[in-house]
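[1] 3D model of this:
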Amino acid sequence: MPVDYRAPNINARSLGQHLRKIRELLELSYLDAASHLGRNADWLARVETGFGQVTPAEIGEILDAYGVPRKIRDVLVDLASRPDGPPWLAGHVGRLKALVRDLYTVESESSLVHTFGIARMPELVRCEAYARLVFGYHLPRLDVEQELDLLRNRQQHRPGGLPRTLDVILDGYMLERHNGPADVIRAQFTHLLDLSDDGRSTVRVIPTSNGVHAGLHGSFDVFEFPDITDRISVVYTALGIDASPVDLWDTWKKLEEVALSPEDSRALLEAHRDALNRKRPAPR
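    Predicted coordinates for the structure are as follows:
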């Protein structure tokens, strides 16, 4: 039987980091804290690293024993009550692999997503027409409306109730050698321009004149989170989304070095869209 290698989701990791900081502020060792809580030290270590199963009630008991102020207690108990991701994910859990569900949960908690796209537009910046085109050609066949519902919720999700920031870098080759109907590609270019004008998102392009660059291995995302130092990287392959075995932050920084500025990238996107407009069929 295959083993499902799953890292703890970001809620569990964030919760564990907060618990560890509180314990360290109280100058308690694992053994001292576990004895104070009437628990096993190994269980406490697993909870603090995000691997131990813990209920909201148990978190409340730990924090009460530590004498944590009520306001902090309520925040962490709420965090413990959200292990399975946002409510909209529940309708799709039955058809998703456990790892994919965990990665979408991680994504839903990220307030800043750095997303790089090559060959295809990154999922979080696809317009509906472009997404329909991609889903329609997927093998094995997908329920397009079901996939659109999941993607739309992922895109519109507000981590912690606040708008998400998107930092986008695109390989310029796919802007020049795009595949698909002109009206779909035009809609996608317009969507990218709207994103770059929303005050939160940044869209940059690596020009084809740059040649070889660090992103040629494929599309990926790097997630950042409020109040937690960890970054998490995911990759996109022919088989779908997967956890990256390495931190891709250094790769992202190398891509930033060769990408055009947001202003020059916008001008390039407008030029590509204008070229499509000139090819628009004349009305009959």
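
[2] okay, the residue nearest the centre of the chain: pLDDT?
    Centroid-nearest residue in the chain: Glu107, 3.2 Å away (criterion: C-alpha atoms, centre = their mean). According to the prediction, Glu107 has pLDDT 93.

[3] show me what the helix or strand hosting it is packed up against.
    For Glu107, the element it lies in under DSSP states H and E is helix 98-109. For helix 98-109, the elements it packs on are helix 10-25, helix 144-156, strand 220-225, strand 228-237, strand 240-243, judged by 3 or more C-beta pairs under 8 Å, 6 or more residues apart in numbering; DSSP states H and E. For glycine as for every other residue, the C-beta is placed from the backbone atoms N, C-alpha and C.

[4] which elements pack onto whichever helix or strand comes after it?
    Where DSSP H and E defines the elements, the next helix or strand beyond helix 98-109 is strand 112-117. Packed against strand 112-117 by the contact rule (3+ C-beta pairs under 8 Å, 6+ apart) you find strand 165-171, strand 220-225, helix 249-258.

[5] give me the buried positions along the helix or strand following strand 112-117.
    Going down the chain from strand 112-117, the next helix or strand is helix 128-136, by DSSP H and E. Neighbour-count burial for helix 128-136, counted by 16 or more other C-beta atoms under 10 Å, picks out Ala129, Tyr130, Ala131, Arg132, Leu133, Val134, Phe135.

[6] output these in TSV; the columns should cover pLDDT.
    What follows is those, written out as TSV (pLDDT from 0 to 100):
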residue	pLDDT
Ala129	97
Tyr130	97
Ala131	97
Arg132	96
Leu133	95
Val134	94
Phe135	94
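
[7] before we move on, the earlier item: between the helices and strands packed on strand 112-117, which one is nearest to Val93?
    strand 220-225 (20.0 Å; C-beta to C-beta).

[8] pull the distance from that closest one to the chain's centre.
    Its chain's average C-alpha position is 5 Å from that of strand 220-225, according to C-alpha atoms, centre = their mean, to the nearest Å.

[9] what helices or strands is it leaning on?
    On a contact count with 3+ C-beta pairs under 8 Å, 6+ apart, strand 220-225 meets helix 10-25, helix 98-109, strand 112-117, strand 228-237, helix 249-258.

[10] in the first one, what's buried?
    Meaning helix 10-25. Using 16+ other C-beta under 10 Å as the test for burial, helix 10-25 gives 10-20, 22-23.

[11] quick one: which of the residues you listed is nearest Gly94?
    Taking C-beta to C-beta as the measure, Gly94 lies nearest Asn11 of the buried residues of helix 10-25, at 20.8 Å.

[12] how far away is the closest one from Gln17?
    Asn11 sits 11 Å away from Gln17, going by C-beta to C-beta, to the nearest Å.

[13] ok, now Leu31?
    Taking C-beta to C-beta, one finds Leu31 at 20 Å from Gln17.

[14] what of His272?
    Going from His272 to Gln17 by C-beta to C-beta gives 43 Å.

[15] same question, Asn210
    Asn210 is 38 Å from Gln17, by C-beta to C-beta.

[16] pLDDT weak spots in the stretch 1-150 of the chain?
    Within the stretch 1-150 of the chain, the ranges that satisfy pLDDT under 70 run 1-10, 83-84.

[17] with the stretch 151-284 of the chain instead?
    The stretch 151-284 of the chain contains residues with pLDDT under 70 at 280-284.

[18] so what's the nearest residue to Pro226 once chain neighbours are set aside up against?
    Of all residues not flanking Pro226 in the chain, Ser111 sits nearest, at 5.2 Å (C-beta to C-beta, 6 or more residues apart in numbering). Neighbouring residues of Ser111 by C-beta atoms under 8 Å, 6 or more residues apart in numbering: Pro159, Gly160, Leu162, Arg164, Thr165, Glu224, Phe225, Pro226.

[19] among those, name the buried ones.
    Neighbour-count burial (16+ other C-beta under 10 Å) applied to those gives Pro159, Arg164, Thr165, Glu224, Phe225.

[20] JSON lines please, covering these and showing distance to Arg266.
    Listed next are those as JSON lines, based on distance: C-beta to C-beta, whole Å:
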{"residue": "Pro159", "distance to Arg266": "26"}
{"residue": "Arg164", "distance to Arg266": "20"}
{"residue": "Thr165", "distance to Arg266": "17"}
{"residue": "Glu224", "distance to Arg266": "24"}
{"residue": "Phe225", "distance to Arg266": "28"}
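
[21] ok, so of these, who is nearest Leu260?
    Thr165 (19.5 Å).
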